[in-house]
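>>> With the input below, show me the fold.
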Amino acid sequence: MANSFAVTSLATEPLKLDPSGKAIVVFTVTNTTSKPLRGLAKAKALGNTKQEWLSIAGETERDFPAGGTQQFTVNFNPSATFPASAPLSAGKYEFRLNVASAINSDEDFTEGQVAAVEIPEIKQLDEKRLPIWMWLVPLILGIILIAFLIWFLTRKTSYDLPSVAGLKENEAKEKLEKNCQSSIPCATVSIQTENNDDVEKGVVIRSEPASGSKVRIGAAVTLHVSTGPEIFALRRVVGQEKDQAKKTLEEFCQSAKPCLNIEILTENSNLIKDGLVTRTDPAEGNPVTHNSKVNLFISAGPEMLVVQQYIGLPELNARTRIIQDGFSVGAVKHLPPLLPLLPNFNRVIEQSPSPGIKQPRGTPINLIIR
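Numbering: from 1, shown residues only. Okay, the predicted model is just below:
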């Protein structure tokens, strides 16, 4: 008969049962040959030991390289089959681990070292001798359950949302998250920015839901934070009719309408038709803030002036007076003296347009000089 395996154990003295009524023995199995083998292990009950009390942890059939080792753990558990009310006889209960070749188990097997478990005369699972852990664990679990029930029944599930309008963004966020005295954030805060003429940049305008609302702990809350007044470039409206230009300036921004505070003013213009926009103040393209004041100038047509009397004036004086009166000097024609021997006095003898009629400012005044 061949013995390809060697089976040993460090348990040279009888073992005692642990508090759970069990014992564990580790056997070391060595392939003593120079070739790989597959071994089959089996726990063997000896004497008064019941075979049902023994079990091997893990696979019982394993591969062994040449000269290789494997460890097998044998569990000794008499309480698995022994009635709780029947006494277990005191004494030594022996067993061993046998290992055979998986290919030739009848011819090649090894009986291992005998291990023993010493059992005192006790009543298995006797209520008077229960291990301490068997009553301590339920006690601890009961305490945990009571603590959980107290927390569950007394915990806060909702709270009144505090007012955060007028606070800086970070201050408002912290207040919303920590105001309910909960172990988790009171609210899940998100930020939404918007233009506002009255609230400083970075300051909270309002919250959604509104302050005072009852919300569940951890609910989503949106903070509306001001980015200050909207700033935009002034549109060009020169040449548009008054009402069209006013509507354009009041409605082209992204903020609440009207965009600008428009004041209508009139002024004379020789270039732009009566009723159309001549200019804005500030001028087009300049940056303006929402609801700021803008002057919209509407043409009243050219300014009409009364043509004065320039006849009889020396030419130089007439030219000066024309300019001062708001007109321009037009064509000037010089006539020779009436008689060759008469001197030329160089005075205005005719003008066009005639004195006393109204003409637009800048109208040229034509003169005849003699």
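
>>> where do the strands sit along the stretch 251-370 of the chain?
Remark: strands assigned in the stretch 251-370 of the chain by DSSP state E, counting those that start in this stretch are 261-267, 277-281, 287-289, 293-299, 304-306, 328-334, 348-352, 358-360, 364-369.

>>> pLDDT (mean, whole number) over the fifth one?
Here strand 304-306 scores 94 as its mean pLDDT.

>>> Run through the neighbouring helices and strands of it.
strand 358-360 (3 or more CB pairs under 8 Å, 6 or more residues apart in numbering; DSSP states H and E). The C-beta positions use only the backbone N, C-alpha and C, and glycine is treated the same way.

>>> quick one: residue 314 from residue 326, how far?
Distance of residue 314 to residue 326, given as CB to CB, to the nearest Å: 20 Å.

>>> how about residue 247, secondary structure?
Following DSSP: H, G, I helix; E, B strand; the rest coil, the label given to residue 247 is helix.

>>> So what are the sheet partners of the helix or strand containing residue 8 and their directions?
Here residue 8 sits within strand 5-9, counting by DSSP states H and E. Paired neighbours of strand 5-9 in the sheet (DSSP bridges): strand 23-31 (antiparallel).

>>> Which positions within the next helix or strand after the partner strand qualify as buried?
Downstream of strand 23-31, the first helix or strand assigned by DSSP H and E is strand 37-46. For strand 37-46, a neighbour-count test (16 or more other CB atoms under 10 Å) marks 37, 39-45 as buried.

>>> pLDDT on strand 37-46, on average?
Here the average pLDDT along strand 37-46 is 93.

>>> what's the neighbour count on residue 220?
By other CB atoms under 10 Å, 11 other residues sit near residue 220.

>>> my read: it touches residue 186, true?
No - in this structure residue 220 lies outside contact range of residue 186 using CB atoms under 8 Å: 11.6 Å.

>>> what about residue 286, how many residues close to it?
Neighbours around residue 286, by other CB under 10 Å: 11.

>>> separation between it and residue 267?
19 Å.

>>> next one: residue 180
63 Å.

>>> One more: residue 98?
Distance of residue 98 to residue 267, given as CB to CB: 120 Å.

>>> Compare those two (neighbour count), which wins?
Neighbour count, other CB under 10 Å: between residue 98 and residue 267, residue 98 has more, with 17 against 12.

>>> In its sheet, which strands sit next to the helix or strand containing the more buried one, and in what direction?
Residue 98 belongs to strand 91-101 when assigned by DSSP H and E. Strand 91-101 sits in its sheet next to strand 37-46 (antiparallel), strand 109-111 (antiparallel), strand 115-119 (antiparallel), going by DSSP bridges.

>>> now these as JSON lines including distance to residue 139?
JSON lines is the format used below for the strands paired with strand 91-101 (distance: least, CB to CB, whole Å):
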{"stretch": "strand 37-46", "distance to residue 139": "37"}
{"stretch": "strand 109-111", "distance to residue 139": "47"}
{"stretch": "strand 115-119", "distance to residue 139": "29"}
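
>>> and the strand holding residue 98, what's its mean pLDDT?
pLDDT averaged over strand 91-101 gives 92.

>>> for the strand holding residue 8, which positions count as buried?
5, 7, 9.

>>> how about the strands paired with strand 91-101, which one is nearest residue 259?
Across these, residue 259 has its closest neighbour in strand 37-46 (89.8 Å, CB to CB).

>>> Can you name the next helix or strand after the closest one?
Following strand 37-46 in sequence, per DSSP H and E, is strand 54-56.

>>> now for the next helix or strand after that following strand, which elements pack on it?
As assigned by DSSP H and E, the chain's next helix or strand after strand 54-56 is strand 61-64. Strand 61-64 sits against strand 23-31, strand 37-46, with contacts defined as 3+ CB pairs under 8 Å, 6+ apart.

>>> run the last query once more with 6 Å
strand 37-46 (3 or more CB pairs under 6 Å, 6 or more residues apart in numbering; DSSP states H and E).

>>> Next, the residues that contact the strand it packs on from outside, please.
Residues from elsewhere that reach strand 37-46, judged by CB atoms under 6 Å, 6 or more residues apart in numbering: 4-5, 31, 51, 54, 56, 60-61, 63-64, 72, 74, 94-100, 102.

>>> Need the buried ones from those selected in PyMOL.
Here is the PyMOL command that selects only those of the contacts of strand 37-46 that count as buried (16+ other CB under 10 Å):
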select buried, resi 4+5+31+54+64+72+74+94+95+96+97+98+99+100
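
>>> quick one on the thing from earlier: name the residues that touch the strand holding residue 8?
Residues contacting strand 5-9 (CB under 6 Å, 6+ apart): 25, 27-30, 32, 39, 97, 99, 110, 112-113, 115.

>>> any idea of the mean pLDDT for it?
91.

>>> after it comes which helix or strand?
Downstream of strand 5-9, the next assigned helix or strand under DSSP H and E is strand 15-16.

>>> So what are the sheet partners of that following strand and their directions?
Here strand 15-16 is paired, per DSSP bridges, with strand 115-119 (parallel).

>>> Which of the strands of the stretch 251-370 of the chain sits closest to residue 160?
Judged by CB to CB, the one of these that comes nearest to residue 160 is strand 287-289, at 36.5 Å.
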